[in-house]
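1. mind folding the following:
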Amino acid sequence: MHETGDAPGALPRGPRWPSALVGLVVLGAAALAVTAVVRSIIGVSGPVLPYSICRSGHLVGELPPLTGSRVLTSWQFAPLATGLALVAGVLYAGGLRRVGASGRAAIWPAWRIGSFYAGLGVLLVAVSSSIAVYDMSQFWCHMIQHLMLIMAAPALLVIGRPLTLVATVSDARGGRTRRILRSWPVMALTSPGVALGAYAAAIVGAHLTKLTDDVLSNVWSNQLEHLVYLTVGVLFFWLVFGDEPIPWHLSMPGRVLLLMVAMAVDTFVGVVLLESTKPLATIAHPGWGLNPIDDLQAGGAIMWVGGDGLMAAMAIGLYIAWARRPAETRKASVFERVRTGLQAERATSVTSASGAGVIPGSTPLPAPTSDAMDTDDRELEAYNRWLADLNRRR
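-> Purely as a prediction, here's the structure:
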């Protein structure tokens, strides 16, 4: 019998090439960053890498009319985004294989796995289909692409619980992933305020500032915007759909409220664009498409109606999924806890001798006295003690 060195119950050791692949990606990104800084210092202009790395297969500014058939047949190759999506897909599959070999595959049902790969599919469609081919010459295409990158793809990816998969695989082999995910930097980065602020800043900054013209006239700025949108979307939807091993876990009303506030941001930006009369400086706006003002206003309508529609659909789906959970697995909200406390208080007034209606682990509520005036004061004091006790246990 050969010794493997693994602890009992640990996941089987897999090949080390996924880690090497991630290391190469990080090394390449660092090399590009250093190259860009050096070029800036010595005064070299132009892109660090050719535009074909981002989008290959068409010439920006020399596009044929976007007819119904070209919506389906116009495609480009996005090597950088495609490569990153393939790396993510392979790593996810490798993690599933190792988790499955340990008998823990039930954590990832087929619909979660399908959601993750559907998210990668939406990402590839956003950067490779006709939406991407025309995103720098038709603002309404650009806006559809934004909704795919900051809402649809991140939500689907997060539902696949990739962080939980990484933590399960890592910690079963002595890793410290869960400890890192619960550290204070991650707590700050994934807090509701930061996630919502980043979402609002990305939406407003990309559409209502001078950045818009730069993004629509520079291929590399356009690609950086895609990365920012995807990152911000993932941070935001971790709190809404994730149930990941991060410090923040919102109740169902909290998640819906987060969606509603984000919807207000989408509405504001959409209405401003819809009423705007100043055209954008896009690359060679073609004569066959909408005129610049109509194109801008169409993009605003897409942001308003499409963005709000997606958020509303997500909120409804979130509530339905939560309502179908067994009662004991739902994360109780503050409202539910108060309601439970009130029910316990009423039950205690009837059956205080047996202790029925008291929440386990909380301070029992005293039975009412015969003096009606004293009873009101005692009930108020007992309720305040119950709230304080509940606050200590959170």
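2. let me see the contact set for residue 205.
-> Contacts for residue 205 (CB atoms under 8 Å, 6 or more residues apart in numbering) come out as residue 211. C-betas here are computed from N, CA, C, even on glycine.
3. let's have the chain start at 31 instead
-> Shifting the count to begin at 31 puts that one at residue 235.
4. and the helix or strand that contains it, what's its mean pLDDT?
-> Assessed by DSSP states H and E, residue 235 sits inside helix 222-237. Mean per-residue pLDDT for helix 222-237: 92.
5. dump the C-alpha coordinates for it into PDB.
-> These are the backbone C-alpha positions of helix 222-237, laid out as PDB (Å, rounded to 0.1, in the frame of the first residue of the first chain):
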ATOM      1  CA  PRO A 222     -22.500  46.200   0.600                       C
ATOM      2  CA  GLY A 223     -21.400  49.800   0.600                       C
ATOM      3  CA  VAL A 224     -18.300  49.200  -1.500                       C
ATOM      4  CA  ALA A 225     -20.000  46.800  -3.900                       C
ATOM      5  CA  LEU A 226     -22.900  49.200  -4.500                       C
ATOM      6  CA  GLY A 227     -20.600  52.200  -4.700                       C
ATOM      7  CA  ALA A 228     -18.400  50.500  -7.300                       C
ATOM      8  CA  TYR A 229     -21.500  49.500  -9.300                       C
ATOM      9  CA  ALA A 230     -22.900  53.100  -9.300                       C
ATOM     10  CA  ALA A 231     -19.400  54.600 -10.100                       C
ATOM     11  CA  ALA A 232     -19.000  52.200 -13.100                       C
ATOM     12  CA  ILE A 233     -22.500  52.900 -14.500                       C
ATOM     13  CA  VAL A 234     -22.300  56.700 -14.100                       C
ATOM     14  CA  GLY A 235     -18.600  57.000 -15.000                       C
ATOM     15  CA  ALA A 236     -18.800  55.000 -18.100                       C
ATOM     16  CA  HIS A 237     -21.900  56.800 -19.500                       C
END
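6. any regions of the chain where pLDDT drops low?
-> 31-82, 86-92, 132-137, 201-205, 311-316, 355-424 (pLDDT under 70).
7. tell me the domain boundaries of it?
-> Structural domains annotated on the chain: 83-90+100-359, 364-423, as defined by automatic domain parsing.
8. pick the most buried one from those.
-> Of all those, domain 83-90+100-359 carries the top mean neighbour count, a mean of 18, counting by mean count of other CB atoms under 10 Å.
9. for stretch 160-170, measure first residue to last.
-> In stretch 160-170, first residue to last residue: 12 Å (CA to CA, to the nearest Å).
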